[in-house]
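Colleague: Build me a model:
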Amino acid sequence: MLNASLLSIIEEAGVGVLILTEGLEQDEFLASSLTRAETQRQVKAISDSIANLAPSILSTLVEVDWAGWHTVARQLGGPDKTAEQDALWFAVRSLVPATLMWLRFYRKEQPAVFECKPARPEMNGPGMNGSAP
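Modeller: Purely as a prediction, here's the structure:
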């Protein structure tokens with residue numbers, strides 16, 4: 001269930017990045033402090049969610065560039081602002097679109113990975129199955 005929620009966060013933040021940066025060239029993007037800051041926040045949400053995915057999910061969704069996301073995560077908030085800006089632009093133009101494409105593909109091919117299944121009650125005593133005690 002946690003993995004499905006994290007994948008949903010990744011997808012939603014990715015769509016947000018695409019909307020924020022649509023039609024922008026790199027110099028326009030870097031010059032816009034508000035757009036850049038919000039995009040960086042969304043990219044960080046993606047990289048943080050990826051960092052919390054189970055290793056089994058990473059190996060199941062093998063086509064996603066997990067290593068690229070790890071590299072971007074290391075650059076964000078780092079001391080080298082040029083490297084940070086380059087990593088952010090790489091995420092915007094390459095990682096986010098490719099990740100969303102692969103997640104869309106995997107959602108069709110392996111839907112169980114994306115399903116949020118509630119935890120099953122271990123006992124069927126009063127109140128455990130939704131009935132009143």
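Colleague: For residue 12, what is the enclosing helix or strand?
Modeller: Assigned by DSSP states H and E, residue 12 belongs to helix 2-21.
Colleague: what's the next secondary structure element after that helix?
Modeller: Toward the C-terminus from helix 2-21 - assigned by DSSP H and E - lies helix 26-31.
Colleague: what sits up against that following helix?
Modeller: The set of residues that contact helix 26-31 without belonging to it, under CB atoms under 8 Å, 6 or more residues apart in numbering, is 21, 35-36, 39, 85, 89, 92. C-betas here are computed from N, CA, C, even on glycine.
Colleague: Run through the helices of the chain in chain order.
Modeller: Along the chain, counting by DSSP state H, helices occupy 2-21, 26-31, 33-51, 55-60, 66-75, 81-90, 96-109.
Colleague: Nearest to residue 115, out of those helices?
Modeller: If you check each of the helices of the chain against residue 115 by CB to CB, helix 2-21 wins as the nearest, at 5.8 Å.
Colleague: low-scoring pLDDT stretches of the chain, where are they?
Modeller: Per-residue confidence of the chain (counting by pLDDT under 70) places the weak regions at 1, 117-133.
Colleague: ok, 50 please
Modeller: In the prediction, the chain carries residues with pLDDT under 50 at positions 119, 121-125, 128-133.
Colleague: Can you report how many residues neighbour residue 98?
Modeller: Burial of residue 98 is recorded as 15 neighbouring residues (other CB atoms under 10 Å).
Colleague: Taking helix 33-51 as reference, get the angle to the helix holding residue 12.
Modeller: Orientation check (axes from the mean of the first three to the mean of the last three CA atoms, to 10 degrees): helix 2-21 against helix 33-51 gives 160 degrees.
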